[in-house]
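Engineer: coords please:
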Amino acid sequence: MVACHEEQPIFLSRLPAELRIYIWGYTGLMTPYSAFLLVRGETSRLVGHLRSPPSRGIILHQRPYLSANMVSVFGTEYIQDLIVDGDSEGNRWSIRDATGLKYITSLGGLCAIQFLGIDWESDWIGKIPSVDCVWHGIIRGAVSTVRYGYSDLNYTAISLAEPCSKKQVVWDQPNFPCTLLDPDAALFDFDRDIIRSVPISAERRFFRYLSLYFKNEYTRGLSVYISGRGIVGLEVHFTCVSRLSGHRSGCALHFSLFPDERIAYVWLRVVNSPSSAFAAPALVIETTRGRLHTFGSYILPSMVIGNGYKWILLRHEGYIAGLYYENVKSGMTIMRLGVIGDGTAPGAAPLQPQYHNCGFPSPPIGTPNAGLFLSFAVLDGLERVDMCRVKNRCTGLMIHYIGGGTSVLGQWHTSCASQSSCIYDGNGPAITHIYFEMSRCRDRQIVTAVNFAPSTAETTSDSEYRVFSIGEHIAWWFSERYDEILRWTGELQDIPGESTMKQSV
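Structural biologist: As a prediction, the model looks like this:
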């Protein structure tokens, strides 16, 4: 056997005979060879499992008792077996006329199930994991036979179908919209809705959901994080907490709502291109107060007039109650996004989206249509002004008006790396001017300080300032590495009618 090449592992057969003799003499003739055969055999079996995973079925008789045996894998417990009318460790529950079931999975398989009835729900059978990567699903239908995918260690999938169906939709939140039976069909898909191609769907679809409600409170503000060519994170803010989906990366665009204000309509603005690689989706909202806001980069007016963009009105019923999108890999932009309505009666017809009809700073501080952003606000009727700072950069101002409204000039970050402070309140002395101190370093120009003053104040000779009078309209242009503060001399105009379309039903 030492000399025979055919009966040895390939990595040993390529060695000189002298070295093979030393290796076999040290390890023993049978040990490595048996290990090789074992790995080869198990690998072949693994390939078979991946191609056609085995499944098991459980027939649920009238009023059965169901219990679960669990197995722990790297600290997470999975369902190893489900037993009907048997004594075992774990939860036990008498199942009546179930009309569906919920389930929770993690990376390694099925962790817990819960049976649902018309007016009841069972306890969770199994154990809800405490790890971060947990997904929730629901299956509707009469529960008479339940089938499970099996990995020789634990259950990996669940279905009411025969054989075990691998087509599943799972969510990152336990309060996912249960009424949305087909989220894939309800969200906007560039390939399907714009270029009319039908992509091959994966067997298991992962979706992330962000509710605009926390307990009984509607969101007080929405932040959208844009990095590269699109949206990478969404965050909703409430009185005491915030909820983030995705990543806080890139530029932070924020819009605040009045206490009685709701989001009535949502558009997606995309590049009018036959390729999704250049779609660069941006989010546009209209509120119940008739206010419009765009969470996206500045686009050239000539591109709007030339039909270079499309605004797609997303489909929903009632006011917007939540946002959802198909899960994306870390660092990638959100392309497939949808909204959930609260089911209330429809309000007024949507307004026409708008664009900024103005030029951009020269020399350019970012790329129009992909990374240059614009915000503007009026400095009049101020109640309080807060400033946001990230390291040595002042990224933006949150302006609170006497009438109760709030505007953000620039960016407003909420990460642990940011700091906010009040730089003006109405109880102080009267002010007449605002000063933006600028700092340049190589290819960067940023705002490093913002101050209000009762009159023209002394400035440091080695610093560059932008000075404005109270009552002026100010435009804050920004990108990830650059700021510029100018007087706002542009205007908002409605987009052409041919640039709008409704999401396909």
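Engineer: mind listing the helices for the chain?
Structural biologist: 10-13, 17-27, 31-51, 183-186, 190-193, 301-305 (DSSP state H).
Engineer: and those, which one's lowest on average pLDDT?
Structural biologist: Looking at the helices of the chain, the lowest mean pLDDT belongs to helix 31-51 (a mean of 49).
Engineer: ok, now which ones touch Thr406?
Structural biologist: Gly221, Ser256, Met398, Ile399, His400 (Cβ atoms under 8 Å, 6 or more residues apart in numbering). Any C-beta I mention is one placed from the backbone N, CA and C, and that applies to glycine too.
Engineer: same thing but at 10 Å, please
Structural biologist: 220-221, 254-258, 377, 383-384, 386, 398-400 (Cβ atoms under 10 Å, 6 or more residues apart in numbering).
Engineer: same check, this time on Asp172
Structural biologist: Asp172 touches 132-136, 206-210, 245, 324, 327, counting by Cβ under 10 Å, 6+ apart.
Engineer: apply 7 Å and report the result again.
Structural biologist: When contacts are counted by Cβ atoms under 7 Å, 6 or more residues apart in numbering, Asp172 touches Trp135, Arg208, Tyr209.
Engineer: try Tyr209
Structural biologist: Trp171, Asp172, Gln173, Phe176, Pro177, Gly322, Tyr324.
Engineer: neighbours of the first one, just the number please.
Structural biologist: Around Trp171 there are 23 other residues, counting by other Cβ atoms under 10 Å.
Engineer: just list whatever residues bridge to it.
Structural biologist: For Trp171, the beta-bridge assignment (DSSP bridges) gives partners His136, Phe207.
Engineer: what sits against Leu116?
Structural biologist: Applying Cβ under 7 Å, 6+ apart to Leu116 gives the contacts Ala98, Thr99, Gly100, Leu101, Lys102.
Engineer: partners of the last one in the sheet?
Structural biologist: Meaning Lys102. Gln114, Ile138.
Engineer: do Ile340 as well
Structural biologist: Here Ile340, judged by DSSP bridges, has bridge partners Gly322.
Engineer: ok, and the closest non-adjacent residue to Thr287?
Structural biologist: Excluding the flanking residues, the one nearest Thr287 by Cβ to Cβ, 6 or more residues apart in numbering is Glu261, at 5.0 Å.
Engineer: give me the number of residues near the one you found?
Structural biologist: Other residues close to Glu261 by other Cβ under 10 Å number 17.
Engineer: mind starting the numbering at 11 from now?
Structural biologist: All set: I'll call the first residue 11, so the last point we hit is now Glu271.
Engineer: show the pLDDT at it.
Structural biologist: pLDDT for Glu271: 96.
Engineer: out of the contacts of Tyr219, who's nearest Met313?
Structural biologist: Set against Met313, the nearest of the contacts of Tyr219 by Cβ to Cβ is Tyr334 (29.1 Å).
Engineer: give the contact list for the closest one.
Structural biologist: Applying Cβ under 7 Å, 6+ apart, the residues near Tyr334 are Pro193, Leu197, Phe217, Arg218, Tyr219, Leu220, Gly348, Ile350.
Engineer: quick one: which of the residues you listed is nearest to Ala167?
Structural biologist: Ala167 has its nearest neighbour among those in Phe217, at 16.9 Å by Cβ to Cβ.
Engineer: can you tell me how far the closest one is from Ser252?
Structural biologist: Phe217 sits 21 Å away from Ser252 when distances are taken as Cβ to Cβ, to the nearest Å.
Engineer: look at these two and report which has more neighbours.
Structural biologist: Phe217 (23 against 14).
Engineer: ok, the more buried one touching Gly332?
Structural biologist: No. The pair Phe217 and Gly332 does not pass the contact test of Cβ atoms under 7 Å, sitting 11.3 Å apart.
Engineer: what number of residues lie near Pro363?
Structural biologist: By other Cβ under 10 Å, the residues close to Pro363 number 22.
Engineer: just Asp91 next, same as before
Structural biologist: Neighbours of Asp91 (other Cβ under 10 Å): 18.
Engineer: do Tyr113 as well
Structural biologist: Tyr113: 24 neighbours (other Cβ under 10 Å).
Engineer: can you map out the strands along the stretch 161-310 of the chain?
Structural biologist: Along the stretch 161-310 of the chain, the stretches classed as strands by DSSP state E, counting those that start in this stretch are 165-169, 178-181, 214-221, 223-224, 227-228, 231-237, 240-247, 252-256, 261-266, 273-281, 292-297, 302-305.
Engineer: who wins for proximity to Ser479 among those strands?
Structural biologist: Per Cβ to Cβ, nearest to Ser479 of the strands of the stretch 161-310 of the chain: strand 261-266, 24.8 Å.
Engineer: beta-bridge partners for the closest residue to Leu254 other than its chain neighbours, please?
Structural biologist: Among residues not flanking Leu254 along the chain, Glu245 sits closest, at 4.5 Å (Cβ to Cβ, 6+ apart). Glu245 has these beta-bridge partners by DSSP bridges: Ser233, Leu254.
Engineer: report the contact partners of Glu245.
Structural biologist: By Cβ under 7 Å, 6+ apart, Glu245 lies in contact with Ser233, Ser252, Arg253, Leu254, Thr424.
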